[in-house]
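Asks: Could you work out the structure for the sequence below:
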Amino acid sequence: MALAPISIGIQTRLTAGIALVASLLVLAVGWYWTTHEEAELMAGLRQREARMAGLIERGFAGPIWNLDHVAIENLLDAVMADPEVHAIELKGLGLRGGQARRVRDNPAVGSLRREFAITYQPAADTAGTQVASAVLTFTRYLVDEQISRTRFFVVELLAVVVIGIVIASSLLVQWLVRRPVLKLGALAQRVAKGDLGAQETVERGDEIGELTMRFNAMSLKLRSAADQVQLSSAGLRASEARYRSLFENATEGVFQADADARVLSMNRTFTQMLGLGSQNPVGRRLAELTGIDRHEMQRVAAVMNEQGKIQQCQLQLRGAAGRPLWVELNAHWVEGESGQRRIEGMVSDISLRRQAEAELTRHRDHLEELVNERTAELSEAKLRAESANQAKGRFLATMSHEFRTPLNAILGFTQLMQMDAAIPAGQQAKLQLMRDSGLHLLELINDVLDMASIEAGKVSLKPASVDLRALVDMACDSVRLRAEQKGLAFWLDIDARLPTQVIADGQRLRQVLLNLLSNAVKFTDSGSVQLDARVVELDATHTRLRFEVSDTGIGMTPAQQARLFQAFEQVSDASRHLGGTGLGLSISQQLVRLMGSQILVQSTAGHGSSFVFELRLALA
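Replies: Numbering: from 1, shown residues only. Predicted coordinates for the structure are as follows:
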């Protein structure tokens with residue numbers, strides 16, 4: 001039978017430990033004390049023995065020499081009067097019977113025996129004569145008694161100290177340790193019984209007080225943790241209720257199945273789709289419930305095993321009352337906690353969508369028929385438009401020739417008549433007006449023909465070596481007179497690095513510059529018109545030039561700038577009485593694009609405009 005383990009309290013262990021340590025300390029001190037005292041007592045005993053031996057040697061020499069036996073007996077009695085002398089024995093011729101001896105009745109305890117000679121010396125300057133030999137025996141009886149008393153005192157002191165320490169330790173441990181520990185134990189029991197957050201008063205700032213504060217903090221943390229757990233549990237229950245509500249009330253069919261395709265759970269919507277009514281689908285195979293074709297089931301299983309999921313898979317199932325049910329399946333594998341996999345999936349009823357797709361297919365087929373018919377009509381209309389465009393081109397070419405022939409004749413004869421000095425000044429003014437009108441009409445005809453050629457794609461550049469400075473001067477000379485007639489300042493700023501000869505279509509470049517400068521003069525009533533020609537890049541074979549025409553004219557709004565380069569577009573109301581067809585800028589933009597660039601405009605209404613384009617040209 002096993003013995004029950006003995007339980008010893010901390011108070012007993014602490015008291016016993018303190019008592020043991022104090023006892024060992026007192027024992028060590030007592031042992032050291034008694035040992036030291038014994039050594040001192042023994043040293044004193046030996047000193048007294050030596051003194052006694054000296055006294056005997058000096059005191060007995062004369063009586064033995066003189067054969068004074070009475071004195072010898074008295075001296076022996078005097079020696080034996082010392083309680084530490086146990087025995088004395090003298091041997092010599094001057095003694096009765098040759099010896100004298102005294103011995104105590106009780107046995108010697110730890111005796112000290114000393115043998116020495118007794119020498120008689122009648123004078124200080126004469127040699128001594130041995131008259132007897134003596135044996136002196138001292139006992140340790142008194143020393144041992146003193147040591148015993150000391151040891152008894154040490155034992156008494158040890159007992160008093162141990163009793164005092166035990167009592168003091170018990171009281172201190174009871175007050176400083178046991179009572180606070182019992183309080184902590186009571187606090188722990190309260191917490192264990194559910195009184196989370198319970199607190200105990202911290203009485204002192206020692207280790208027990210620190211432990212009490214930690215117990216209080218732990219109790220508060222347990223209360224906080226319990227509150228959080230309670231909130232989390234409530235949240236989990238609410239979350240589970242919401243999940244269950246979502247699962248059961250979802251508009252899509254939701255299901256779970258094991259690895260063998262046996263149903264683990266299925267929501268109400270899916271059971272209604274399949275027309276199961278009150279039947280419990282749990283444990284039944286999906287193929288049995290859905291009526292899915294075996295080949296389709298194998299295809300779905302193959303995709304699931306290969307990819308781990310399947311998305312937007314359209315399947316035909318057996319619905320309520322055996323009607324066909326088209327659904328879209330999304331499913332995936334889920335690893336369970338025990339290592340067993342399961343299938344989670346969702347199905348959407350797409351029967352209406354399939355019907356709509358079929359209807360849409362029919363409409364699409366019909367629409368394709370309509371598109372084909374319309375395409376044929378558009379092809380025919382395109383052919384008619386191309387024929388009309390070609391007829392327009394031929395008409396414009398013919399009419400331009402028909403217009404230019406008599407117009408050149410009119411301009412020629414007008415110039416000849418202006419050269420006649422006999423014609424009066426009034427007639428000269430009319431002739432000048434006729435010539436200006438003819439020139440304006442010629443410009444309009446040229447613009448219309450250029451636009452028609454550009455639209456027909458028959459305009460091509462003719463690059464050749466061009467004297468760039470001469471071309472710029474010529475364009476400026478054509479408009480400088482009109483600028484001066486309007487009182488405008490005309491500025492020409494040419495970069496000193498401007499190359500002399502480049503490869504370009506000089507006629508078209510001059511046409512663009514002349515058009516931009518003419519518009520600048522036309523729409524500027526005061527201020528200035530300026531042409532800048534700058535070199536942006538220059539290497540051994542090519543150069544990039546920047547042309548900018550700026551004025552201080554009427555300017556344009558952003559809306560006007562957006563339709564500035566459209567054909568037959570006149571963005572300024574003033575253009576109605578300033579003349580023009582609205583083709584100049586459109587033609588210039590098309591020509592610049594043929595040169596590999598485009599015209600950019602910056603303008604503010606009432607503050608003038610700036611037209612900029614850059615050209616990359618080869619050096620001649």
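
Asks: Tell me how this protein divides into domains.
Replies: Domain segmentation of the chain under automatic domain parsing yields 10-121+129-158, 250-349, 350-459, 460-619.

Asks: rank those by pLDDT, which is bottom?
Replies: When the domains of the chain are compared by mean pLDDT, domain 350-459 comes last with a mean of 74.

Asks: Look up how far S528 lies from the nearest residue to E484 once chain neighbours are set aside.
Replies: Excluding the flanking residues, the one nearest E484 by Cβ to Cβ, 6 or more residues apart in numbering is F490, at 7.0 Å. To be clear about C-beta, it is placed using only N, CA and C from the backbone, and glycine gets the same treatment. Distance, F490 to S528, by Cβ to Cβ, to the nearest Å: 7 Å.

Asks: Neighbour count: the two, which is higher?
Replies: The neighbour comparison of F490 against S528 (other Cβ atoms under 10 Å) goes to F490, with 19 against 16.

Asks: can you pull the buried residues of the helix or strand that contains the more buried one?
Replies: Assigned by DSSP states H and E, F490 falls within strand 489-494. Neighbour-count burial for strand 489-494, with 16 or more other Cβ atoms under 10 Å as criterion, is recorded at F490, I494.

Asks: Does D260 belong to a helix, a strand or coil?
Replies: coil (DSSP: H, G, I helix; E, B strand; the rest coil).

Asks: Columns distance to L182 on top of the domains of the chain, output as a markdown table?
Replies: Compiled in a markdown table, those are given as follows (distance: least, Cβ to Cβ, whole Å):
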| stretch | distance to L182 |
| --- | --- |
| domain 10-121+129-158 | 10 |
| domain 250-349 | 45 |
| domain 350-459 | 75 |
| domain 460-619 | 92 |
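
Asks: how about those, which one is nearest L220?
Replies: Of all those, domain 10-121+129-158 sits nearest to L220, with 26.6 Å by Cβ to Cβ.

Asks: Now do the contacts for the closest residue to I343 other than its chain neighbours.
Replies: Leaving aside its chain neighbours, I343 sits nearest to A257 (4.5 Å; criterion: Cβ to Cβ, 6+ apart). Listed by Cβ atoms under 8 Å, 6 or more residues apart in numbering, the contact partners of A257 are V263, L264, L286, R342, I343, G345.

Asks: buried subset of those?
Replies: For the contacts of A257, a burial check counting by 16+ other Cβ under 10 Å picks out V263, L286, I343, G345.

Asks: wait, doesn't the third one sit right on A261?
Replies: Read it as I343. Yes - judged on Cβ atoms under 8 Å, I343 makes contact with A261 at a distance of 7.2 Å.

Asks: Helices along the stretch 301-450 of the chain, start to end?
Replies: 351-418, 425-455 (DSSP state H, counting those that start in this stretch).

Asks: Against which helices or strands is the longest one packed?
Replies: Yep, that's helix 351-418 we're talking about. Applying 3 or more Cβ pairs under 8 Å, 6 or more residues apart in numbering; DSSP states H and E, one finds that helix 351-418 makes contact with strand 324-335, helix 425-455.

Asks: Please repeat the previous calculation with a cut-off of 10 Å.
Replies: Counting contacts by 3 or more Cβ pairs under 10 Å, 6 or more residues apart in numbering; DSSP states H and E, helix 351-418 is packed against strand 309-318, strand 324-335, helix 425-455.

Asks: how about the CA coordinates for the first one, as PDB?
Replies: Coordinates of each C-alpha in strand 309-318 appear next as PDB, following Å, rounded to 0.1, in the frame of the first residue of the first chain:
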ATOM      1  CA  LYS A 309     -12.500  24.100 -59.700                       C
ATOM      2  CA  ILE A 310     -15.000  24.700 -62.500                       C
ATOM      3  CA  GLN A 311     -16.500  28.000 -63.600                       C
ATOM      4  CA  GLN A 312     -19.500  29.100 -65.700                       C
ATOM      5  CA  CYS A 313     -20.200  25.500 -66.800                       C
ATOM      6  CA  GLN A 314     -23.600  25.300 -68.500                       C
ATOM      7  CA  LEU A 315     -25.400  22.100 -67.900                       C
ATOM      8  CA  GLN A 316     -28.900  20.700 -68.600                       C
ATOM      9  CA  LEU A 317     -30.500  19.100 -65.500                       C
ATOM     10  CA  ARG A 318     -33.900  17.500 -64.800                       C
END
